[in-house]
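Student: Quick check, what structure comes out for this input:
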Amino acid sequence: MANDHPQVTVTLSADEALVLDALLATLEDRSPLRITHPAELRALWNLHAALEKVLVAPFKPDYERLLASARERLTDSAGEPQ
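Tutor: Here you go, the predicted structure:
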């Protein structure tokens with residue numbers, strides 16, 4: 001019954017993946033985020049785990065610079081997300 005739970009593939013840029021990973025790593029510290037169902041939190045944890053499996057940048061000594069650069073590339077000159 002493998003078709004009971006089909007997989008969905010999402011393609012992210014390396015910058016998007018790195019920024020999302022950083023966001024999800026601090027999720028519990030972000031009080032404005034409202035989780036209305038336990039499954040929402042589980043889905044976010046699962047996404048974070050999937051990103052952790054493929055990203056190497058968080059383990060590099062210049063991670064903070066890499067993250068800052070990724071955030072900059074994802075933000076236009078007016079400071080608004082692209």
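
Student: Check the gap between the residue nearest to Arg73 when sequence neighbours are not counted and Glu52 for me.
Tutor: In space, and not counting its chain neighbours, Arg73 is closest to Asp15: 5.1 Å by C-beta to C-beta, 6 or more residues apart in numbering. No exception for glycine: its C-beta is placed from N, CA and C like everyone else's. To Glu52, Asp15 is 17 Å away according to C-beta to C-beta, to the nearest Å.

Student: Tell me which residue is most central in the protein.
Tutor: The structure's the chain has its C-alpha centroid closest to Leu20; by C-alpha atoms, centre = their mean the separation is 2.0 Å.

Student: Give me the packing partners of the helix or strand hosting it, helices and strands only.
Tutor: According to DSSP states H and E, Leu20 maps onto helix 14-25. Where contact means 3 or more C-beta pairs under 8 Å, 6 or more residues apart in numbering; DSSP states H and E, helix 14-25 is packed against helix 38-54, helix 63-73.

Student: Can you pick out the residue with more neighbours from Asp15 and Glu52?
Tutor: For Asp15 versus Glu52, neighbours defined as other C-beta atoms under 10 Å are more numerous around Asp15 (16 against 13).

Student: Let me see the contact set for the more buried one.
Tutor: By C-beta atoms under 8 Å, 6 or more residues apart in numbering, the residues touching Asp15 are 70-71, 73-74.

Student: now Thr36: how far from Ala17?
Tutor: For Thr36 relative to Ala17 (C-beta to C-beta), the value is 26 Å.

Student: Those two: who's more crowded?
Tutor: Set Thr36 next to Ala17 and count neighbours by other C-beta under 10 Å: Ala17 wins out with 18 against 7.

Student: Which pLDDT value does the model give that one?
Tutor: pLDDT for Ala17: 97.

Student: Also Gln82?
Tutor: Here, the pLDDT recorded for Gln82 equals 57.

Student: With His5 instead?
Tutor: According to the prediction, His5 has pLDDT 83.

Student: what number of residues lie near it?
Tutor: Considering only other C-beta under 10 Å, His5 is surrounded by 6 other residues.

Student: Also Leu24?
Tutor: When neighbours are defined as other C-beta under 10 Å, Leu24 has 19 of them.

Student: for the one 5 residues further on, same thing?
Tutor: Number of residues near Asp29 (other C-beta under 10 Å) recorded here: 7.
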